[in-house]
Every structure is written in C-alpha cells, then in structure tokens.
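# after the sequence you'll find the predicted model.
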Amino acid sequence: MIGLISATAAGAAARDRLAAAWPERTRVYEGPVADAVRAAFAECEQLVCFLATGAVVRLVAPLLGDKRTDPGVVCVDEGGRFAVSLVGGHGGGANALAGEVAEVLGAQPVVTTATDAVGLPGLDTLGLPVEGDVAAVSRALLDGEPVALRAELAWPLPALRTGGEGAYTLRVTDRAVEPAEREAVLRPPSLVVGVGASKGAPVDEVLGLIHRSLEGLSPLSVAHLATVDAKAEEPGIVAAAERLGVPLVTYPAGELARIDVPNPSEHPLAAVGTPSVAEASALYEGGELLVPKRKSAMATCAVVRRPARGRLAVVGLGPGARDLLTPRAKAELRRASVLVGLDQYVDQIRDLLRPGTRVLESGLGAEEERARTAVAEARAGHAVALIGSGDAGVYAMASPALAEASDDIEVVGVPGVTAALAAGAILGAPLGHDHVSISLSDLHTPWEVIERRVRAAAESDLVVTFYNPRSRGRDWQLPKALAVLSEHREPSTPVGVVRNASRPDESSRLTTLGELDPAWVDMMTVVTVGNTATRNIAGRMVTPRGYRWQASQEDAQ
Ligand code: SAH
C-alpha cells in the first residue's frame, strides 16, 4: 500500500489525482501531518508526501531503521513539478515510484542514487539475491573502476560493465562461498531441491534434511522445492518451502516415473506411484544431479543444478518516434546484455542501452543470420534483446527467431506500434472496421499467393494496408494489386499514403484509388486502401463501424 500525505490545498489536489489513478494501491492519510506520516510509515510499504523535502526529512528521520525494510519515501513539491525519491531508493522502491508518480502527475522524477542516475543497475535491483560488499562493488562499477566478473554459471544478467582484473570482484555462483573483501556475490536461482516425505513428516525434519543436503551450496540459490502431486498439501513440505521463501512445484507421479534416476526404490512406487520422488522431481527440468537422494527417518531430498536458461526478448521499437516506444520495450532494452538488430534500428535506441551492452548489428538482408545469432547468444545463457521496428512480430524478426529457438531459452515478446496503426492514426480512422495487412514483397512469397490474398480482400470488402509496397526493383506489384482492388471498389475509394510515420520526415496524403500515383510510394511507405464504406470526411480517412452501431449503441467503442 502507498500512503499519501498532504498539507496544503494544492498538495491535496495532486494527492487526489494520484489516489484516483491508483485506487487499489493508495490510502489517503488525513489529519495533522506529523501523525499522518508516522502512521503511514508504520503501515505502508511506500509513502508519497506532498510536502517540502525538508519537512519530510525532519518527520521521517526518527523513524528510519534499516534500508532493507524501511518504506520508500517520495516527495512531491507544492507546484507538482518534481517527484523526489528521498529514502529507500532501491530497497523501498522509491526510485521506481518517483518515476511512476512523475508519469501520473506530469512531473519530473528526481533520483539521486548514483547507479540509477547513470543508467547502471544497482546490484540489489537485479532481482537476484546479492551478498557481500554490495555497496563497494556498486560504487566501483559506477566509478568505472575495473570489476572482475567471476561467473561460475552463465546467467542472463543485464550489462554490468565488468571486466579486467581489478581490486573488486563480482561473483556469480550458487556455491556456499564467503564473500571476500571488495567482493559481491550474486545468487542465481539455479538449484532445484526435490523432496519426498511420509505422511506427517515434521517440518523441522524436512528442513534439516534440506539444509544438510545443501551443504556447500547456498540456500539463496534455491529456485523452488519440487515434489509429487500427491504431496502438494503435505504440511512438512509446504512449511519447508515457506520457510525457505521459495515456491513448491509438484508433478504427476506418472511423469516422474518416466524420469531416469540413479536411486529408485520400491517404497514410493507403492505409496504414490513413482519409484522416485526427490530425485525425479528435482531432475524434472533437466540439469545435473549435484546431491543424489539423501534420507532422514521420514523424508528424502535431492539437489539438482538446472541448466542456465538464457533470455530472448523480442522487442518492437514502434514506428520511429521515441514516445511511441513503450516503457516495457525500454525496460527490456536495459535488461539486456546483448542487443541484436539492424544497424539503423540500433542507432534509434543506442542511447537507452546500459554501458557495456554488447551490440551485434548487421545490415539489411541478414535476417536469418540475425535470428540465429540472437538465439545462439540466448542459448549461451545471455540476456538478449532482438529488436525490430514497429512490432517485431509483424513481417519482422520474431518468427525467424522463434523458428530457431527451442524450449531451453526463455522467450519474452514486447509488442510495438506497427506501421499500419501509426499510419492509421495519421490518416484518421481508416481501420474502423475489418482490415488486413498484406506485404507486397514477393521475395519470400510467390506473387500468385499475394495476388490471391489481395483478391480475397477485395471480394470480402476488407480495408487493406500494404506493407513493403514498392521498391526500385519491384515496381509493378503495387499497380497490379490496386487494379485487383479496383475490380470491387469505386475509383473514388479513399487511399491513404503515409511515408516515414512518426519519423522526422513524416509525410502523408489522402488520395483515391483512381488518382494514386505509385511514384509517391517507396519502401518507407504504407498504403491503406479503404473499403466500400470508407469516406473522406474533412480531410480524414474514416471507415464507419457499420449501420448497426449507428442504430444502437450496443457495441459502442
Ligand atoms: N515490423 C514492421 C514492418 C516491417 S516490414 C512494423 O511492424 O511496422 C517493412 C515495411 O513496413 C516498410 O516497407 C513499410 O511499408 C512499413 N513501415 C515500417 N515502418 C514504417 C513507418 N514508420 N512509416 C511507414 N511505413 C513503415
């Protein structure tokens, strides 16, 4: 919950805007400000104070305890111009909250935590447990001092600007090592602990066995406990997972029975229908059996190191303008340590990348190679962003990449504003009723197939947006496609031509099927042809939603 505190009328107005934007997340604290701050500090994970920073500093100072548990505090000034992350920047999430508050109020976020301010991730914000001399290593990374990366496991981390042999070390390991001086240890979730237990096995026994089995390994690297479905409610196992702070994952006995294990036995086969619970459930996702089955009186346990799963984010950058790049796309670009893309698109977002990001750019035409490279880098355990303009799944890199990928990597898709939508918004509302996109590039698709689809669109009165409409060496396809549409549509049918939508040299014109001059069209252009109902209304291309909507408001919007 986010506690909201204000003193003045202007502060209350801004507070109410935030409360209205996030009704589920916020609670308004009324009454004397000092009491309100104290109450909110005790009850909430985060505070937004519509007060001067000085006032808030005085009020929260006596309440501060530990940066890992204190709430994050954001201050918003009287004019609503700034959202200042005051305390709890990382642990309390105040840096991120300042950004969110600023977005809602149209303010400027103010973040002074060094690592965020220069675009490097704080070591404690990677979503992985980190131990050791975190402050010193973060500072060294920030100051550009050499930090040696000692990764025993390939894990998909963002770019960290590490390298060389330095006085500082960043270790990535699941082994139980004591961090040395000037060393921070990141704990990837690489271990799976399989457990079995007889009915009524006490939690202390289960936990004790788990800890003994993890000897030499870090409990902070345990991703989850695993067992058979029949034990999903077994109190000792459920409580052990809770105390370790990890999820419990269960599998059907039949599937566990199929997994090859070194130490099967008769007992679980009779009780739950699989010759192995601990080893089989730990090995379910594959990996290396580090600790074969161990037993206590009523429980069994085995530990597996699962294979590192690299991460492939397929990110659409939108049509060009920076403000049409989604916040999620931006976050994925900063989450990556390897970026793969066409050189011109890389240039578009280079400033957003974290220092140290490895950029693999290539020229036009190297699609297959780019897709293969991106997948290979993810397979090697890296966090990869594969970028494309518009939406990366529309006539772009997502399909060739996913055709190469297998289930040994995690794949994340981030949608982008595709050219047809960017052009539609410029033209008016051409896509107000059913529509299709057709690419006129016959490089990979035989012309007969393209023509058949254009004809089907013509016959079914669909609005059509042509991608890849015309290039220097490919000039007869667009006139041919328009001729097919003309068999079913009047010469007066509106046609929108948009070139470089949302880019600095954007241009557009609204013309008709009869008057369109193909010379206006090139590879930077999309052409949207209306259906028989599309009209030019006050210079805008409008496709009505249909007579029923006019008659009743039933399916409005
Ligand atoms: N993935 C892209 C499309 C790639 S195909 C997307 O979702 O938008 C390339 C074609 O897209 C170009 O030939 C052109 O027809 C169209 N296109 C891409 N960006 C455009 C833009 N900003 N303005 C107009 N057309 C664009």
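Done, it's in.
# what's the end-to-end length of stretch 255-263?
End-to-end span of stretch 255-263 (Cα to Cα, to the nearest Å): 17 Å.
# in that stretch, which residues are buried?
256-257, 259, 261 (16 or more other Cβ atoms under 10 Å). C-betas here are computed from N, CA, C, even on glycine.
# give me the contacts around it.
Residues from elsewhere that reach stretch 255-263 (Cβ atoms under 8 Å, 6 or more residues apart in numbering): 228, 269, 273-277, 279-281, 283-284, 289, 292-293.
# cool, and stretch 333-341?
119, 121, 156-160, 311, 313, 315, 346, 349, 352-354, 356-361, 370, 373-374, 377, 382-388, 397.
# which of these are close to the ligand?
residue 388 (Cβ under 6 Å from any ligand atom).
# buried subset of the contacts of stretch 333-341 as a ChimeraX selection?
To isolate the buried members of these in ChimeraX, using 16+ other Cβ under 10 Å:
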select :121,156,157,158,159,160,311,313,315,346,349,352,353,354,357,360,361,370,373,374,377,382,383,384,385,386,387,388,397
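# if you look at the contacts of stretch 333-341, which of them are in helices?
Among these, DSSP state H puts 346, 349, 370, 373-374, 377 in helices.
# export those as a markdown table, with columns for pLDDT and distance to residue 56.
What follows is the ones in helices among the contacts of stretch 333-341, written out as a markdown table (pLDDT from 0 to 100; distance: Cβ to Cβ, whole Å):
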| residue | pLDDT | distance to residue 56 |
| --- | --- | --- |
| 346 | 92 | 42 |
| 349 | 93 | 36 |
| 370 | 91 | 50 |
| 373 | 95 | 50 |
| 374 | 96 | 46 |
| 377 | 95 | 45 |
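# which residue sits closest to the residue of the stretch 351-500 of the chain found nearest the ligand, ignoring its sequence neighbours?
Closest residue of the stretch 351-500 of the chain to the ligand, Cβ to the nearest ligand atom: residue 390 (2.0 Å). Closest residue to residue 390 apart from its sequence neighbours, by Cβ to Cβ, 6 or more residues apart in numbering: residue 418 at 4.2 Å.
# go ahead and confirm the one you found touches residue 388.
No. Using Cβ atoms under 8 Å, residue 418 is not in contact with residue 388, being 10.0 Å away.
# what touches both of those two?
Residues touching both residue 418 and residue 388 by Cβ under 8 Å, 6+ apart: residue 316.
# strands of the stretch 51-200 of the chain, residue ranges please.
Per DSSP state E, counting those that start in this stretch, the stretch 51-200 of the chain carries strands over the ranges 72-76, 82-87, 108-110, 130-132, 147-151, 168-172, 183-186, 191-197.
# out of those, which gets the lowest mean score?
In terms of mean pLDDT, the lowest-scoring of the strands of the stretch 51-200 of the chain is strand 147-151 (a mean of 87).
# which residues does that one contact?
137, 140-141, 160-166, 168-173.
# can you flag the buried ones in the residues you listed?
Buried among those by 16+ other Cβ under 10 Å: 137, 140-141, 160-162, 166, 168-173.
# tell me where the stretch 301-450 of the chain has strands.
310-316, 338-342, 358-362, 383-388, 409-414, 428-429, 435-439.
# next, the angle from the first one to strand 409-414.
What separates the directions of strand 310-316 and strand 409-414 is an angle of 20 degrees, with axes from the mean of the first three to the mean of the last three Cα atoms, to 10 degrees.
# how about the stretch 451-557 of the chain: which residue is closest to the ligand?
For the stretch 451-557 of the chain, Cβ to the nearest ligand atom, closest residue to the ligand: residue 501, 3.5 Å.
# neighbours of that residue, how many?
The number of residues packed near residue 501 is 28, by other Cβ atoms under 10 Å.
# renumber starting at 373 from here on
Happy to do that; since the first residue is 373 now, the last one works out to residue 873.
# next one: the closest residue in space to it that isn't next to it in sequence from residue 839, what distance?
Distances taken as Cβ to Cβ, 6+ apart place residue 794 nearest to residue 873, at 3.9 Å, with adjacent residues excluded. Taking Cβ to Cβ, to the nearest Å as the measure, residue 794 falls 12 Å from residue 839.
# among the two, which residue is more densely surrounded?
residue 794 (24 against 19).
# ok, the more buried one touching residue 871?
No. In this structure, residue 794 is not within contact of residue 871 by Cβ under 8 Å, at 11.3 Å.
# which stretches of the stretch 823-929 of the chain have low pLDDT?
Residue ranges of the stretch 823-929 of the chain with pLDDT under 70: 919-929.
# the ligand contacts on that one?
839-841, 870-875, 895-898.
# what about those, which are in strands?
Using DSSP state E, the members of those that fall in strands are 839, 870-871, 897-898.
# which two in the residues you listed are spaced the farthest apart?
Spatially, the most separated pair among those is 839 and 871, at 12.9 Å (Cβ to Cβ).
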